[in-house]
Structure formats: structure tokens, C-alpha cells
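Novice: could you look at this predicted model? Sequence included:
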Amino acid sequence: MTAKEAMKFAKENKVEMVDFKFCDMLGTWQHFTTPVSEYEEAIFEEGLGFDGSSIRGWKAINASDMLVIPDATTARMDPFMERPTLSLICDIEDPLTRERYDRDPRNIARRGVEFLRSTGIADTAYFGPEPEFFIFDSARFVTRQNMAFYEVDSCEAVWNTDDDGGQNLAYKVRSKEGYIPCPPTDQLQDIRTEMCQVMESVGIRIERQHHEVATAGQSEIAMRFASLVDMADNLMWYKYIVKNVARRHGRTATFMPKPLFGDNGSGMHCHQSVWKDGNPLFAGDKYGGMSQLALHYIAGILHHAPAICAITNPTMNSYHRLVPGFEAPVNLAYSSRNRSASVRIPTYSPSPKSKRIEVRFPDPTASGYLAFTAMMMAGIDGIERKLDPGAPLDKDIYALSKAELKDVPSVPGSLGDALNALEKDHAFLLKGDVFSEEFIENWIEHKRSKEIDAIRLRPHPHEFELYYDC
């Protein structure tokens, strides 16, 4: 859609308001809205000014003037606004230099695609993430100087088998037994279907939806793959729609990787491949039906995985999911079909177009713009340097002993370890000016000061159970 077509689209849909959405450094949509009377074709070139000083991770107040530049190809009708509202996803520019802002995740993703093309290796990177999430009936939490607690609840949760607060109709989901049951055990079918329909209304192609493994409403909706920036845009819509449809039904959705103790966490397995001139580059006669180029790409992912984790698993909560010995994809190995490896080669179809890899350690707290780009940059580095992924591990890694696993590296054990790895290993992200040194430094400082220190300084409620009577 061109700027002229976006103007026509607004008129045809009797738009009254125009909403400008953009992503903060950490991956959350921000927005402001104007009446349609302010909507002119010139804004697609000139942009609109706003104060960027209060956006998380962005520049201080002495350099706060920013421009949002709407992307006409992203024009959609917002499905949740009461009055007819056009939604536009925007890029951020400096108003003086008109350069792309280097802390804007969408700009980083666009530079990543440009770098891929400049290498001559490929011209398109396709991604198909599988974000998991929980739909709760309520979520309560607080941290104060003298207290801290959280409580989430769900009518289908296993802990509510004896709930007598009202009519109890049973059919609760037992821990780790929530994978694709039919209703009435699956009590969220209609809500997920509504989410799918709303996603399709904004142009996202949906492949399937189902209940996931954990109790208390863990769910997944699978999107069909798309090119890197388009899929990152889709992921923003995905989260926006899941949260708003849940709220419409008096429920609340979260993409936290580990909101429940003792049950499965939420991951975001990322299928990916690279193509050139319309031809897939991952199909070949090597292991798993892959090409040598694909194996180099896998090697790049495995080699840089500790640093990548600081972007693909960017929260303290992420590492409550990535714990060795609990069926989490922590071991940095690759395999065909084997879901216990951190990189899997799916074997559903022999078609060359279906050949891809699945990176299993990321989680849905990640920004798609940053996570997809970081993984692609690692893969490109593996191709350029002809890195060797070593032998595949075609065993159930979860069943191996510590001695058998001693030579298999693993993902970092904490966000702090991941940031340390990123600090030491990020040259591959700087190629083509995709990520900047300043962005990496700011990312690490923000995560350490705003998240790691904020949690490290607070007593944990479970410590009172362990140590109060010491």
C-alpha cells in the first residue's frame, strides 16, 4: 500500500481517528492518536514530532525531539477502538539529521535485512515464531518495602479442584497434561478462536490454535511464516490482540516465560530460513536434508547463543524457564526431529521450501525486531566464517547423565550471565551498522540497573520459608 492508497483506505473505511504505533527499546508498543482531519499524505514523508524522552531506553530530555514516520504498507483498521481508527506502524527518525534512530528496534530489523542483501548470501529471511502465553482469570501482585506477593488464578487450574466459591464443574487441567485436550477440559477454545479471527482481520495468516501443556490456560496460536520485518510487525499485533481479546472476556493474558511454579513455561520457538531470488537455501543433501550453508547458519546460532540469549531471553523471569534437567531447551546442540535439542531440524515435509531450522530457546518476552535480527546476524556470521556445528545429538538429551552432557555447552543460567556474554561477544551484531555499539551498551546498562539490580536488592518470599527460623 502506498501513501496515496493509505489515504484512500482511510476514506473508504470512514476513519475518524488515526493511531500511530511504534516500539520502545524493550519491545512494547507505544502510540498517540490524531483526528482524521490531521491525516495528510505529507506525514508519510515529513513525519510527526513527539517527545521521546519518556520512552523506555531512549535518549535524555536534552535530545528528546523525535519524528514518527508512518509506514503506509502497515495501514490496518484497529480492531479494538470504539470509533473507526486507522492504525499505522511507524519508524523513528532524528528530526535534524533525518537519520534512522538507532534505538528503534524496527529500524534495527530493517538494517538487518539490508545487510543480509548486501552480503549476497540471500535476499530474504523468513521467520515463523510460536509464541506461547497464559490466559488467567486474575493476576494480583505487589512489592513493597515490607512485603511482596503474587497470585494468578484460572478456573481450569488444577489447584481449583476443590474450589467452593461457586458452582464447580470439574474438568481441571492437571499439571503438564494440558496439551491439546478437547472441551470441556479446554475451556478457552472460543477465546482463542476469537483471537485468531481478529488476527486474520489485520492480515495475519493463522495456521492453528490449541491449548498448551501447562495448567491454568497455557495457549498457543501459530502464525504462518513471513519475512523478518513483516513477522516482527505481526508479532506486535499478535501480543496486542491476545491481551485485548482476553480483557474483552474479563480475563488477562501474559507472555511471561514462567508465571507458574512446577509446570511448563512459555517459549517462542523460532522457525527460520533464508532464500535468494525466490529459492530456498537450506535444502540439500547433508544431515537432515539440509545444505552446507544451513549447517553453517546453525553453527553461527550455537556459537553465539550465550550472547543471543541476552536479546532472545531478555528478562530475569526468562531463566526460571531455562533450567537444566527440567525439559527446557538449554543444551546447545542440534538434531533432526529431536525436541530436546536447542536447535531442531523439522522433518514434516521433504519439500525444499519447507526446509528450515527451529531455534527453541527464545521466549515471548523478546522483541521480534531484535530477536529475529540477532539470530539472523549470528547465522550470517556462521555462513561467512564457515563455522562447523559439530556432530548432531540424536539422543534424548533430557535422559543423558551429567557425564554424558559434560561436553555439551548450555545457554546462560541467568540474565546476568547472558549480558556478560553479550558484552564479550557482539561484534557479529555490529556488521553493516545493524546494531550499534551505543545500543548494545545501553541495552546492557538498562537491563542491569532496571531489572537485575531491582530484583537482586529485594528479599524473595520463598526465602522466608527457607531462612526465617535460621
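Specialist: That came through fine. As the structure is a computational prediction, the values presented were derived from the model and not from experiment. Numbering: from 1, shown residues only.
Novice: got phi/psi on Phe127?
Specialist: phi -130, psi 140 (degrees, to the nearest 10).
Novice: and the helices in the chain, which stretches?
Specialist: Assigned helices in the chain, in chain order: 3-12, 43-46, 105-119, 189-201, 228-248, 292-312, 318-321, 368-384, 402-405, 415-424, 427-430, 437-447, 453-456, 461-467 (criterion: DSSP state H).
Novice: so which other helices or strands are in contact with the fifth one?
Specialist: So the one you mean is helix 228-248. Helix 228-248 makes packing contacts with helix 105-119, strand 124-136, helix 189-201, strand 218-223, strand 252-254, helix 368-384 when contacts are defined by 3 or more C-beta pairs under 8 Å, 6 or more residues apart in numbering; DSSP states H and E. C-beta here means a position set from N, CA and C on the backbone, and glycine is covered the same way.
Novice: out of the helices of the chain, the one nearest Arg337 is which?
Specialist: helix 292-312 (14.6 Å; C-beta to C-beta).
Novice: if you count contacts, what does that closest one end up packed against?
Specialist: If you count contacts as 3+ C-beta pairs under 8 Å, 6+ apart, helix 292-312 packs onto strand 268-276, strand 343-345, strand 357-359, helix 368-384, helix 415-424, helix 437-447.
Novice: low-confidence bits of this protein, can you list those?
Specialist: 59-63, 325-327, 338-339, 398 (pLDDT under 70).
Novice: mind giving me the domain ranges of it?
Specialist: Recorded structural domains for the chain (assignment: automatic domain parsing) are 16-101, 124-467.
Novice: out of those, deepest packed?
Specialist: Most buried of the domains of the chain, by mean neighbour count (mean count of other C-beta atoms under 10 Å): domain 124-467, with a mean of 18.
Novice: isn't Pro184 right next to Lys172, touching?
Specialist: No: taking contacts as C-beta atoms under 8 Å, Pro184 lies outside contact range of Lys172: 10.3 Å.
Novice: quickly list what's touching both of those two.
Specialist: Counting by C-beta atoms under 8 Å, 6 or more residues apart in numbering, Pro184 and Lys172 have no common neighbour.
Novice: name all residues that make contact with the closest residue in space to Ile241 that isn't next to it in sequence.
Specialist: Of all residues not flanking Ile241 in the chain, Val198 sits nearest, at 4.9 Å (C-beta to C-beta, 6 or more residues apart in numbering). Counting by C-beta under 8 Å, 6+ apart, Val198 touches 79, 241, 245.
Novice: with Val323 instead?
Specialist: Val330 are the contacts of Val323 under C-beta under 8 Å, 6+ apart.
Novice: start at 5, not 1
Specialist: Sure, I'll start counting at 5 from here, so that last one is Val327.
Novice: for the closest residue to Glu455 other than its chain neighbours, give me phi and psi.
Specialist: Spatial nearest neighbour of Glu455, chain neighbours left out: Met320 (5.7 Å); criterion: C-beta to C-beta, 6+ apart. When read as degrees, to the nearest 10, the backbone of Met320 gives phi -60, psi -40.
Novice: my guess is Met320 contacts Ile456. True?
Specialist: Yes: using C-beta under 8 Å, Met320 is in contact with Ile456, at 6.7 Å.
Novice: turn the helices of the chain into TSV, columns for distance to Phe140.
Specialist: Shown next, in TSV, are the helices of the chain (distance: least, C-beta to C-beta, whole Å):
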stretch	distance to Phe140
helix 7-16	36
helix 47-50	39
helix 109-123	27
helix 193-205	12
helix 232-252	8
helix 296-316	25
helix 322-325	17
helix 372-388	23
helix 406-409	35
helix 419-428	24
helix 431-434	35
helix 441-451	26
helix 457-460	22
helix 465-471	19
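Novice: of all those, which lies closest to Thr258?
Specialist: With C-beta to C-beta as the measure, helix 232-252 is the member of the helices of the chain nearest Thr258 (8.4 Å).
Novice: okay, the angle between that closest one and strand 128-140?
Specialist: Relative orientation of helix 232-252 and strand 128-140, computed by axes from the mean of the first three to the mean of the last three C-alpha atoms, to 10 degrees: 10 degrees.
Novice: taking helix 193-205 as reference, get the angle to helix 232-252.
Specialist: Using the same axes, to 10 degrees: helix 232-252 against helix 193-205 is 140 degrees.
Novice: now helix 232-252 against strand 272-280, angle please.
Specialist: Between helix 232-252 and strand 272-280, the angle comes out at 150 degrees (the same axes, to 10 degrees).
Novice: and the nearest residue to Glu155 once chain neighbours are set aside, how far is that from Asp157?
Specialist: Distance criterion C-beta to C-beta, 6+ apart; nearest residue to Glu155, sequence neighbours excluded, is Arg144 at 4.7 Å. Going from Arg144 to Asp157 by C-beta to C-beta, to the nearest Å gives 8 Å.
Novice: for Arg80, same thing?
Specialist: To Asp157, Arg80 is 34 Å away according to C-beta to C-beta.
Novice: ok, Pro368 next?
Specialist: Distance from Pro368 to Asp157, counting by C-beta to C-beta: 21 Å.
Novice: now swap in Arg460 and tell me
Specialist: Noted for Arg460: a distance of 28 Å to Asp157, by C-beta to C-beta.
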